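Asker: using only what follows, build the 3D model:
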Amino acid sequence: MTKTVHMIGLCGAGMSAVARLLQQVGYTVTGSDAGFYPPVSDYITKLGLTCTVGHRAENIPPNPDLIVIGKHAKLVPETNEEVAAAHAQYKDHVCSFPEILANLTADRQRMVVAGSYGKSSMTSLITWCLAEAGTAPGWFIGAIPKGFAHSSDIGEDGPFIFEGDEYPSANWDTRAKFEHYEPHTVLLTSATHDHVNIYPTLEDYHKPFAALLSGLAKRKGTLIACTDETNAAAFYEVYPGPKEAYGLDHQQAFTASNIVLGDPSRNTPTQFDLHIRGDVLKGFTTTQMGRHAIENICGAAAYLLGQNLISVEAFRDAVARFDGLERRLDRKAPNSALMIYEGFGSSYEKARAAISAVRAHFPQRRLVVMFEPHTFTWRNRAALGLYETVFADTETVWLFAPPAHGATSHDQLSLDEIVAGVRAHHPDVRPFIRDESTSILNDLHPEKDVLLILSSGSFDGALAPLLETAAEAYPAPIAATG
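Answerer: Sure, this is the predicted structure:
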């Protein structure tokens, strides 16, 4: 008899990825959410699922085997009748998605990529390399990777690779999601302060990471850490078990040299040599942009080559073919002559990494940034100091208003306050509203400018018309044929 699962909050990136895994192991999946928007809505449709829009008690099918409830401020029984009905009628069947992931992978060799930034990119890179080498891995990625049909897959007998999230598991479970996974290896990219609405201080933020590594040590697991980042280096220094360091700054065992950045406008890749415990491996290339992309490759090498999971040749070939993720410095409107890239700007470090990468690859062009302060980290009053330097090395900054949801749950900044904060340190700051987004294109020149879109949100739907207009007003030249 087919088992059934109902997912409340289906349109979360993580929830939709778990839905795919449950489908693979034989569950019939139903779900609901407050809204149904791309890109996750496109993915849910691709899975053949129907998402009921709006939370109502009658959305829950009769006698479900499982009910998975996402972690969202609106998914609480006090204000959400569907969640209330789930807890009242099927309390023993309710669980969080990290609990589901832990159960589905209990018999697998598990590896968690954790950190305040770089998780999605690193998880995707490692998974891509394992898959290209034919090891049949499983994976869970909280983003949309290119080169894969799905952001999750149960795999076969290869290791299971998690993007490990430090955010609480559920509204009734304050443990970080990654604490459920009990990995054999942890790759720690960073541990800079994030999620200030949940973890007000750096000490608070570090508690779940300490718990993760304490469990890893008890299992005699391996820690791989980027010791270029101060907080990750501190965790590395005190970790009592097997460990490897990677990075670009401190002559780590896994590092890179002779880096020659590519030119995306001419489709030339970045070239570099990879150092593996003193051995120099030449001839590596990547189409991914920025210093952090090379750093990620060093981290992936520490796991994949350090644990002899694939060969050097397979790793070199896979790295060269890795195409990255959506919203991680991927080219937008490729049918336009304008150079437009989108980065994930949910934190200061992510925004700076994207800006630095574009500046490094396009040193002679003007850099124009379109920014939405979508996360609590950006729209909380404690973030004002971050605006002093985040847009350094850019010519023009277009600012969108912070979203209204959750505004009363913390000390929210207004758009006017953010504009004033940036203008005190930047010469050209321009606020805009959704219907004005296409005006950003008016001053751009295809051969002189680069537009970098930074947000973890959607600019309230403003991106689609901007990209459509870019293709129409600045069409890419048709290649000559002979």
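
Asker: shaky segments in the protein?
Answerer: Along the chain, segments meeting pLDDT under 70 span 478-482.

Asker: phi, psi of Asn59?
Answerer: Torsion angles at Asn59 (phi, psi; degrees, to the nearest 10) stand at phi -70, psi -30.

Asker: what does Leu384 give?
Answerer: Dihedral angles phi and psi of Leu384 (degrees, to the nearest 10) take the values phi -50, psi -40.

Asker: quick one: residues contacting it.
Answerer: By CB atoms under 8 Å, 6 or more residues apart in numbering, the contact set of Leu384 is Leu413, Glu417, Gly421. C-betas here are computed from N, CA, C, even on glycine.

Asker: give me the buried subset of the residues you listed.
Answerer: By neighbour count, with 16 or more other CB atoms under 10 Å, the contacts of Leu384 hold Leu413, Gly421 as buried.

Asker: need the contacts of Leu384 in a markdown table (columns: distance to Asp443).
Answerer: Listed next are the contacts of Leu384 as a markdown table, based on distance: CB to CB, whole Å:
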| residue | distance to Asp443 |
| --- | --- |
| Leu413 | 27 |
| Glu417 | 26 |
| Gly421 | 23 |
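
Asker: okay if I get the contacts of Leu384 as TSV plus distance to Leu66 and secondary structure?
Answerer: Shown next, in TSV, are these (distance: CB to CB, whole Å; DSSP: H, G, I helix; E, B strand; the rest coil):
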residue	distance to Leu66	secondary structure
Leu413	40	coil
Glu417	44	helix
Gly421	46	helix
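
Asker: the longest helix in the chain is where?
Answerer: Secondary structure of the chain per DSSP state H: the longest helix is helix 202-218.

Asker: quick one: residues in contact with that helix.
Answerer: 112, 114, 116, 164, 166, 175-176, 178-179, 182-183, 185-186, 188, 191, 193-195, 199, 222-223, 231, 235, 239-241.

Asker: Glu163 and Ser151 touch, don't they?
Answerer: No - between Glu163 and Ser151 there is no contact under CB atoms under 8 Å: 9.2 Å.

Asker: all strands for the stretch 251-400 of the chain, in order.
Answerer: Residue ranges of the strands in the stretch 251-400 of the chain, as given by DSSP state E, counting those that start in this stretch, are 254-260, 270-276, 279-286, 330-332, 339-344, 366-371, 396-399.

Asker: among the ones you listed, which comes closest to Tyr474?
Answerer: With CB to CB, the closest approach to Tyr474 among the strands of the stretch 251-400 of the chain belongs to strand 339-344: 9.6 Å.

Asker: pick out the residue nearest the middle of the protein.
Answerer: In the chain, the centroid-proximal residue (CA atoms, centre = their mean) is Ser120; its distance is 4.0 Å.

Asker: pretty sure that residue sits against Glu326.
Answerer: No - counting by CB under 8 Å, Glu326 is not a contact partner of Ser120; they are 9.6 Å apart.

Asker: okay, and the common contacts of the two?
Answerer: By CB under 8 Å, 6+ apart, Ser120 and Glu326 have these common neighbours: Ala143, Pro145.

Asker: on that earlier part again, closest one of the contacts of Leu384 to His361?
Answerer: Closest approach to His361 among the contacts of Leu384 (CB to CB): Gly421, at 28.1 Å.

Asker: how close does Ile297 get to Glu229?
Answerer: According to CB to CB, to the nearest Å, Ile297 and Glu229 sit 16 Å apart.

Asker: let me see the contact set for Lys332.
Answerer: So Lys332 contacts Ile340, Tyr341, Glu342, Ile453, Leu467, Ala470 (CB under 8 Å, 6+ apart).
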